[in-house]
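A.B. asks: I would like to see how this sequence folds:
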Amino acid sequence: MSKKNLRLKSYRKLLLFIFALSLAASSSPLSLIAQRRAQQATQTEPSQFSPQLLRELKQIQQAALESDYALKQLAHLTNNIGPRLSGSPQAQQAVEYIAGEMRRLGLEVKLEKVMVPHWVRGEESASLLEFPGQAPNTTQKVVLTALGGSVATPAEGITAEVVVVNNFDELTALGRKKVEGKIVLFNHKFDEQIAAQGYGGAAYGESVVYRGAGPSAAARLGAVAALVRSVGGLSYRLPHTGATRYAADAPRIPAAAVAAEDAEMMAYLTTQGSVRMHLVLTPQQLPDAESYNVTADLRGSEHPEQIIIVSGHLDSWDLGTGAIDDGAGVVMAMQTVQILKQLHLRPKRTIRFIAWMNEENGLMGGRTYAREHAGDVSNHVAAIESDRGAGHPIGFQATGKPDIIKILQPLAGILESSGAPLMRMTDDTEADVSPLSQAGVPAFALWQDERTYFDYHHTAADTFDKVNPRELAENAAVMSVLAYAIASIPQPLPR
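C.D. replies: From the prediction side, this is the model:
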């Protein structure tokens, strides 16, 4: 080999070495796999996973991957029952259906009472009455939907000038003089590039603050209504609903989410001159309604007082049929207990299925459970929830002590065959189990591909056809394996 080729080969090795170091320092899936394998190689503590337990976990995984139980349950929940907003007849029908199915499986079922908000959408419409370049005797339709919890306009609607801001700083800069008596549009864009890289949750977190706090911020400056550019991607002129949060120190004004295309159109027109809108929203906030968390126990053989929760939230917004948010999470949890019954496997600890009520517009299910079970929270070993759709899982994430990942490391060898071997600690747990997490219970969420989740989230397009059957089964497999492992290892997870 010539000296020139030798130098070239050495240079390439150096580049590869530098590239390997950069991967190790990154948070990419490749680096996480490398870290996991390094942890496996250096782990010296004795494992809590016996050969028999590992065989059972593999059996559970295979059974879940081959089952269509979750898919059939999701089809019924979405297509037969439909949207399940808290307080609605469909929400109550879903409670009764899930409870009946859990009884059919032979579990110990309880309906735990929860008082929930009962908000009804009503009529919603908007049109531009005056705008630059307008053809005589015409208007322009604006596609929007009321935000959950919004108050109503007068029956005849509101007609006012539209002012557009991109963020709270721009709103503040306008001041009361330019905002009072007007409709404020927050045109903050959902970052689709971040979402496309697998960080949909981060993109959502950056934008959703305008949905939650925007109406009150506008009201403090005298606005008569607030509009928010829809929080989500893949526009297709779909408005994304979601709850708003009225502050105690501001008037309550009507609030709606606008399709991204219509937000862009109004932003364009307002740079040319005055734009006036007629807005009609007729939602009603009815008295709180009685509803239920559905709980069902598969009792443990050795420590029945120790509880591992598997769960999803049963309520959904009323525009679609709640397939990815969060019918998918509910049926993954249903399949977890169904698979164990099918295989005649009984864990050492109790696995408790929960279908939470009212995650979307109040979180009363999770809060009520944590309050009413405060006396035995020390017996809750773990709380697992799926509420990020049904995209392909790459593993799971946990809150609590970092030792949890080391203890559960053998699960990587089981889940690797379905592409889900990754584990990480996080501060961000799912909403319904967050009160338990705050009380010290280790909480788990499935780590899923969420690149397209926020395209359909809270829209009329959240329907059964958006769920890939294979990926739903893969998620059910991860939840089932994780739950049975935690319920069957000799020692409970550290607190």
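
A.B. asks: residues in contact with residue 122?
C.D. replies: Taking C-beta atoms under 8 Å, 6 or more residues apart in numbering as the contact definition, residue 122 lies against 146, 152, 281, 282, 283, 284. Yep, even glycine has a C-beta here, placed from its N, CA and C like the rest.

A.B. asks: Likewise for residue 218?
C.D. replies: Taking C-beta under 8 Å, 6+ apart, one finds 171, 179, 184, 186, 225, 226, 253 in contact with residue 218.

A.B. asks: try residue 301
C.D. replies: Contacts for residue 301 (C-beta under 8 Å, 6+ apart) come out as 346, 347, 348.

A.B. asks: Could you do residue 86 as well?
C.D. replies: 116-119, 289, 291, 315, 357-358, 360-362, 364.

A.B. asks: among these, which are in strands?
C.D. replies: 116, 117, 118, 119, 289, 291 (DSSP state E).

A.B. asks: so can I have JSON lines of these showing neighbour count and pLDDT?
C.D. replies: Formatted as JSON lines, the ones in strands among the contacts of residue 86 follow (neighbours: other C-beta atoms under 10 Å; pLDDT from 0 to 100):
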{"residue": "116", "neighbour count": "25", "pLDDT": "98"}
{"residue": "117", "neighbour count": "21", "pLDDT": "98"}
{"residue": "118", "neighbour count": "20", "pLDDT": "98"}
{"residue": "119", "neighbour count": "23", "pLDDT": "98"}
{"residue": "289", "neighbour count": "16", "pLDDT": "98"}
{"residue": "291", "neighbour count": "27", "pLDDT": "98"}
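
A.B. asks: Save those residues as JSON lines, and put in distance to residue 412 too.
C.D. replies: Shown next, in JSON lines, are the ones in strands among the contacts of residue 86 (distance: C-beta to C-beta, whole Å):
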{"residue": "116", "distance to residue 412": "39"}
{"residue": "117", "distance to residue 412": "41"}
{"residue": "118", "distance to residue 412": "45"}
{"residue": "119", "distance to residue 412": "43"}
{"residue": "289", "distance to residue 412": "44"}
{"residue": "291", "distance to residue 412": "39"}
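
A.B. asks: In the residues you listed, find the pair that's most separated.
C.D. replies: Greatest spatial distance among the ones in strands among the contacts of residue 86 (C-beta to C-beta): 119 and 291, at 13.1 Å.

A.B. asks: which residue packs closest to residue 262, ignoring adjacent ones?
C.D. replies: residue 142 (4.8 Å; C-beta to C-beta, 6 or more residues apart in numbering).

A.B. asks: scratch that, residue 251 is what I was asking about
C.D. replies: Residue nearest to residue 251 in three dimensions, not counting chain neighbours: residue 219, with 4.6 Å by C-beta to C-beta, 6+ apart.

A.B. asks: Kindly report the same for residue 340.
C.D. replies: Excluding the flanking residues, the one nearest residue 340 by C-beta to C-beta, 6+ apart is residue 298, at 6.1 Å.

A.B. asks: ok, now residue 282?
C.D. replies: Among residues not flanking residue 282 along the chain, residue 122 sits closest, at 3.6 Å (C-beta to C-beta, 6+ apart).

A.B. asks: Show me where the stretch 301-450 of the chain dips below the pLDDT cut-off.
C.D. replies: Low-confidence segments of the stretch 301-450 of the chain (pLDDT under 70): none present.

A.B. asks: Tell me where it has helices.
C.D. replies: Here the stretch 301-450 of the chain has its helices, by DSSP state H, counting those that start in this stretch, at 328-342, 364-372, 403-407, 411-415, 434-438.

A.B. asks: centre of the chain versus the first one, how much separation?
C.D. replies: Here helix 328-342 is found 19 Å from its chain centre; the criterion is C-alpha atoms, centre = their mean, to the nearest Å.

A.B. asks: Over to the third one?
C.D. replies: Between the centre of helix 403-407 and the centre of its chain there are 25 Å (C-alpha atoms, centre = their mean).

A.B. asks: so the residue nearest to residue 262 sits right up against residue 126, yeah?
C.D. replies: Yes. Between residue 142 and residue 126 there is a contact under C-beta atoms under 8 Å: 4.0 Å.

A.B. asks: anything in contact with each of those two?
C.D. replies: What both residue 142 and residue 126 touch, as defined by C-beta under 8 Å, 6+ apart, is the set 258, 277.

A.B. asks: ok, so of the contacts of residue 86, who is nearest residue 459?
C.D. replies: residue 360 (13.2 Å).

A.B. asks: All set, thanks.
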